[in-house]
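*Asks:* from the sequence below, what's the structure:
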Amino acid sequence: MKSTSKKDEYRKYLAVLRKSEGSRTYLEIAKEYEISSRSVQRWIAAYIKEGINGLKNKKPGGAKSRIMDEDKEIILSVLFNDPHIFGYLRNTWSLRSCKMSYRRAWNPNQL
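*Replies:* Below you'll find the predicted structure:
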């Protein structure tokens, strides 16, 4: 298998297959694949509820961005300009200098 995610899905498929054969308990399947019996139970439940799609790895959720679209544009405009324009004696941006330039140029009340 090429990627870990595919290996994980394959392991889920095999665990469901073993359980469908009927002769094995959750604990026996868990020991065979070195996972918890609770994981096997969850996989079986997902398969029963959603079919094969229930066993596919899902993308992690993650937090939504707290930066507004207009702020993203402002930040990018700062980053795409040379730091010298904002009075810095350097050729590249640091996170701190970018933040300070953003505040000075577009939010002077947040200094």
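
*Asks:* show me the helices in this protein, by range?
*Replies:* 4-20, 26-33, 37-50, 69-79, 95-106 (DSSP state H).

*Asks:* just how off-centre is the longest one within its chain?
*Replies:* To tie it back to what came earlier, the one meant is helix 4-20. Relative to the chain's own centre, helix 4-20 is displaced by 22 Å; criterion: Cα atoms, centre = their mean, to the nearest Å.

*Asks:* what helices and strands are in contact with it?
*Replies:* Identification of packing neighbours for helix 4-20 by 3 or more Cβ pairs under 8 Å, 6 or more residues apart in numbering; DSSP states H and E yields helix 26-33, helix 37-50. For glycine as for every other residue, the C-beta is placed from the backbone atoms N, C-alpha and C.

*Asks:* quickly list the domain ranges of the protein.
*Replies:* Per automatic domain parsing, the domain ranges recorded for the chain read 4-55, 69-110.

*Asks:* how far does the last one sit from the chain's center?
*Replies:* Read it as domain 69-110. Chain-centre distance of domain 69-110: 28 Å, with Cα atoms, centre = their mean.

*Asks:* stretch 56-64: which residues count as buried?
*Replies:* Residues of stretch 56-64 classed as buried: none (neighbour count, 16 or more other Cβ atoms under 10 Å).

*Asks:* starting at the chain centroid, how far to that stretch?
*Replies:* Here stretch 56-64 is found 5 Å from its chain centre; the criterion is Cα atoms, centre = their mean.

*Asks:* got the contact list for it?
*Replies:* 5, 8-9 (Cβ atoms under 8 Å, 6 or more residues apart in numbering).

*Asks:* just those residues now: which is nearest Leu95?
*Replies:* Among these, Ser5 lies closest to Leu95 (Cβ to Cβ), at 31.7 Å.

*Asks:* quick check: nearest residue in space to the closest one, chain neighbours excluded?
*Replies:* Once flanking residues are discounted, Ser5 sits nearest to Asn57: 4.9 Å by Cβ to Cβ, 6 or more residues apart in numbering.

*Asks:* quickly note the distance from the one you found to Lys64.
*Replies:* Counting by Cβ to Cβ, to the nearest Å, the gap from Asn57 to Lys64 is 21 Å.
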